[in-house]
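Student: sequence and computational prediction follow.
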Amino acid sequence: MRLGSTALATERVERRLAAILAADVAGYSRLIGADEEGTLARLKAHRRELIDPKIGEHRGRIVKTTGDGLLVEFGSVVDALRCATEIQTGMAERKTVGPPDSQIEFRIGIHQGDVVVEDGDIFGDGVNVAARLEALAEPGGVCVSARVQEDATGRLDLTFEDMGDQTLKNIARPVRAYRVVTAAGSTPTQVRSGPPLPDKPSIAVLPFANMSGDPEQEYFADGMVEEIITALSQIRWLFVIARNSTFTYKGQAIDVKQVGRDLGVRYVLEGSVRKGGNRVRITAQLIDATNGAHLWADRFDGSLEDIFDLQDKVALSIAGVIEPALQAAEIRYSIARPTNDLTAYDLYLRARSAASTYESEHLIGALELLREAITREPRYGPALALAATYRVDLENYDWADDRQAAENRCTAIDLARQALAAAADDPGVLGRAAMVLGRFGEDIDTALALIDRALALNPSFAYAWYWSGWLHLFAGQADVAIQHFETSMRLNPRGQRGIHLSGIGLAHLINHRFDDALAALRISLEEIPAFIPTYRTLATCYALMGRRDEARSILARLRALTPIVQPTVNPFRKPEHRELLASGLRLAAGEEK
C-alpha cells in the first residue's frame, strides 16, 4: 500500500547526540596475508582481554564489528576519549616479541554528532566523520574532531596537536582535526615503522597545491606532479614512489617524516602550481624525511609553451641535489616530447583525471576526451596508449557487452599498435601496449619483450611491474608473476593492493596452491569489492577445494555485478591453465559433478 503524505509526516525517526568511536586494525590485509590464523587469534585475544572490557568499563555500546574494526557509541566525549586512550596504551603494553610489522595496532577516530538510530544501528554524518578521522590517525594513535577536542580540553590529562582543516571523503564541509597527545608529550603508542629504505636514493613526490584560485585547475596541478614523477623515474639510480601512493595524502596536513616512514623513502618533494592565463609558476622544496631538513627550494616561471621545460628543470634540480656526481644525465624525457599541441596535452590530463574513479560513465567520458586529443594529434603516443588500456578496463569490469566486446578488443589492439609506432621508446607507452596486446591474445613473447624494455627504461615504474605480473601470469610463469606484483606494491605502497592480490591469488591458483590463493583473494575482495575478476578466481578456488556452497555464494555475488560468469576471452596461453579456470567456474555453477 502506498503511504500518503500525512502518514509520511507522522513517521518518527529516532535521533540522538552521541560520541562515536570508529576503530580498525592498521595494515589488516597485510597481517592476514602473512599469517591469517595467527592474526585472527591475536585479534580475538585483544578484543576479549582488553578492548571489550574497556568499552564496557566506560559505558560504551558496540554498535557493530567488521573483520578488522569496531563502531562504538558513547554517551559522552569524555568516556569515548578515555576509553580510546586506555585501549591504545593497553595495546602498546601488550606488544609481543617479534618484528614490528607483525604487531596488531589500531587507528581510532572520535567525533560527536547527531546520529539516526534504526534497529540498533546508527547512521548519519556523525558516523561518517568518525570513520574518516580514524583513517587520518596514525597506527596506535587517536584522531578527534574539534567538537571532541573542545569538550575534552581540561577534563582529561591529554593535550591535542592541531592537524588543521581536513577535507574528508564524502563530507561536504572541512573538518578540523586533532591528534591526541598524552601528558608525557607523545601519542599513545609508537608510530609503526614502514618499509625499509631501499639500497639507492629514494623519493616520493607529494601532490602539489593548486594555487590558481580555480578548483577546475586541480587536474592541471595533478598533471604537473605526474610529469615530474615520470621525469624522475627515468633516472635508473633513483627509487621513485608511484603517484597512486603519494596522492593518498592529498588534502591532508602532512608530517613529512611520517610520510617518509610510511612509504620507505629518504626524500620527499612538496610544491605548488599556479596557472594564470598563459603563465605557469611551479614552486618546489626537497626535504630529507629522516630528519625534516630542507635541502633545496626553488621557483620556476614560464609560459604554457614552456611547460615541459619547466617540468624537466624541476626534475633536473632535484636529481642534482640528491646525487650531484651523477648529475641528471639519465633524464631522457626532454629529448622527445610526446606532443607540441598544448590543447591535446590538456585533454590528456583531463582524461586521466576523469577516469581516476573507474566508474563506467567517467571512463567513457575519458575515452571521448582522448579521442579529441588524438584527433588533434594523431601521433600522440601516451594518449593512444591510455585509450587502449581504458578499453581493457571496459573488459575487466564487463562494461562492454558481448556485441561490443569484439569491436572493443580490435580497437584497443589497433590503438596500442599506433602508440608503439608513435612512441617506441616511451616506457609508459611500451608498458600499456604490452598489457593490451597480452590481455587480448596477441603474441605473448612480443608483449613480454615490450614490458621488459619498459622496465629497463624506467625501473621505478610501478604499473609496469604490475602489468609484467599479469603478462608473466598469462604466459604461465606464476612465480615470476608474484615477484613482479610484490615489486609493484613496494613501489606503490599505498596504492590498490587489492588488484595486485587478485593477481597473486590467481598465480597461486594455477600452481594449485589453493590455501595461499584463498588467503590473497579474500583480502583482495575485501579491499576492492567491485573487481569482477577476483570473484571468478575465488569461486574457482572454492570449487576446486570442494567447498561448493562457498563457491555458489561467491557466484551469486558475481552475478549481482555482471551476468557474465565465464569470460569471453581467456588470456592464458597454456591449455591446462585455461581449462583449470573454466572447469572451476563450471564446478562452482553446478555444471559438473
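Tutor: Received, thanks.

Student: for the stretch 351-500 of the chain, what are the low-confidence residue spans?
Tutor: Residues of the stretch 351-500 of the chain meeting the criterion pLDDT under 70: 356-359, 398-403.

Student: repeat that with 50
Tutor: Low-confidence segments of the stretch 351-500 of the chain (pLDDT under 50): none present.

Student: kindly report the same for the chain.
Tutor: For the chain (pLDDT under 50), the answer is 1-10, 97, 183-186, 188-193, 325-336, 593.

Student: centroid-nearest residue for it?
Tutor: The residue lying closest to the centre of the chain (C-alpha atoms, centre = their mean) is Gly495, at 3.1 Å.

Student: can you pull the contacts of it?
Tutor: Ala242, Asn244, Ser245, Ala462, Met489 (C-beta atoms under 8 Å, 6 or more residues apart in numbering). From N, CA and C alone the C-beta is placed, and that goes for glycine too.

Student: confirm that it sits in a helix.
Tutor: No. Using DSSP: H, G, I helix; E, B strand; the rest coil, the secondary structure at Gly495 is coil, not a helix.

Student: ok, back up a step: can I get the contacts of Gly495 in TSV including neighbour count, distance to Leu347 and secondary structure?
Tutor: Formatted as TSV, the contacts of Gly495 follow (neighbours: other C-beta atoms under 10 Å; distance: C-beta to C-beta, whole Å; DSSP: H, G, I helix; E, B strand; the rest coil):
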residue	neighbour count	distance to Leu347	secondary structure
Ala242	26	23	coil
Asn244	16	22	helix
Ser245	21	26	helix
Ala462	24	25	helix
Met489	25	31	helix
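
Student: list just the nearest of the residues you listed to Ala424.
Tutor: Nearest to Ala424 among the contacts of Gly495: Ala462, at 21.7 Å, using C-beta to C-beta.

Student: hang on, isn't that closest one packed against Ser233?
Tutor: No. Ala462 is beyond contact range of Ser233, at 9.1 Å (criterion: C-beta atoms under 8 Å).

Student: what residues of stretch 475-490 count as buried?
Tutor: Within stretch 475-490, the residues that qualify as buried are 475-478, 480-485, 487-490, counting by 16 or more other C-beta atoms under 10 Å.

Student: list of residues touching that stretch?
Tutor: Contacts of stretch 475-490 (C-beta under 8 Å, 6+ apart): 195, 264, 444, 448, 462-463, 465-466, 468-470, 472-473, 495, 497, 500-501, 503-504, 507-508, 510-511, 572-574, 577.

Student: which ChimeraX command selects the buried ones in these?
Tutor: Here is the ChimeraX command that selects the buried residues among these (16+ other C-beta under 10 Å):
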select :264,444,448,462,463,465,466,468,469,470,472,473,495,497,500,501,503,504,507,508,510,511,572,577
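
Student: okay, and which of the contacts of stretch 475-490 map to helices?
Tutor: Here DSSP state H is the test, and the contacts of stretch 475-490 give 444, 448, 462-463, 465-466, 468-470, 472-473, 497, 500-501, 503-504, 507-508, 510, 577 as lying in helices.

Student: hmm, Phe160 and Thr153 touching each other?
Tutor: Yes. Look at Thr153 against Phe160 with C-beta under 8 Å: they come within range, at 7.1 Å.

Student: more neighbours, those two?
Tutor: The neighbour count for Thr153 versus Phe160, taken as other C-beta atoms under 10 Å, is higher for Phe160 (19 against 12).

Student: and the gap between the more buried one and Trp296?
Tutor: 33 Å (C-beta to C-beta, to the nearest Å).

Student: in three-state terms, label Val181 for me.
Tutor: strand.

Student: beta partners for it?
Tutor: Thr159 (DSSP bridges).

Student: can you count the residues close to it?
Tutor: 16.

Student: show me what the longest helix along the chain is packed up against.
Tutor: Ranked by residue count, the top helix of the chain under DSSP H comes out as helix 402-422. Applying 3 or more C-beta pairs under 8 Å, 6 or more residues apart in numbering; DSSP states H and E, one finds that helix 402-422 contacts helix 381-396, helix 427-439.

Student: what ranges do the strands span in the stretch 51-200 of the chain?
Tutor: Ranges of strands in the stretch 51-200 of the chain, per DSSP state E, counting those that start in this stretch, are 61-65, 69-74, 106-118, 121-123, 142-145, 158-166, 175-182.

Student: other residues contacting the longest helix of the chain?
Tutor: 379-382, 384-385, 387-389, 391-392, 394-395, 400, 429-430, 432-433, 436-437, 440, 442, 450, 564, 568-569.

Student: drop anything exposed from those.
Tutor: Among the contacts of helix 402-422, those classed as buried by 16+ other C-beta under 10 Å are 380-382, 384-385, 387-389, 391-392, 394-395, 400, 429-430, 432-433, 436-437, 440, 442, 450.

Student: tell me the contacts of the nearest residue to Trp467 once chain neighbours are set aside?
Tutor: Of all residues not flanking Trp467 in the chain, Met435 sits nearest, at 4.1 Å (C-beta to C-beta, 6 or more residues apart in numbering). Contacts of Met435 were listed using C-beta under 8 Å, 6+ apart, and they are Thr389, Val392, Ala447, Ile451, Trp467, Trp470, Leu471.

Student: what does the domain assignment say about the chain?
Tutor: 11-182, 202-326, 338-458, 467-593 (automatic domain parsing).

Student: so who does Ala137 touch?
Tutor: Counting by C-beta under 8 Å, 6+ apart, Ala137 has contacts Arg107, Ile108, Gly109, Cys143, Arg179.

Student: turn the buried residues of stretch 475-490 into TSV, columns for secondary structure and distance to Ile203.
Tutor: Below are the buried residues of stretch 475-490 laid out as TSV (DSSP: H, G, I helix; E, B strand; the rest coil; distance: C-beta to C-beta, whole Å):
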residue	secondary structure	distance to Ile203
Ala475	coil	33
Gly476	coil	36
Gln477	coil	31
Ala478	helix	32
Val480	helix	27
Ala481	helix	27
Ile482	helix	27
Gln483	helix	23
His484	helix	22
Phe485	helix	23
Thr487	helix	17
Ser488	helix	17
Met489	helix	18
Arg490	helix	14
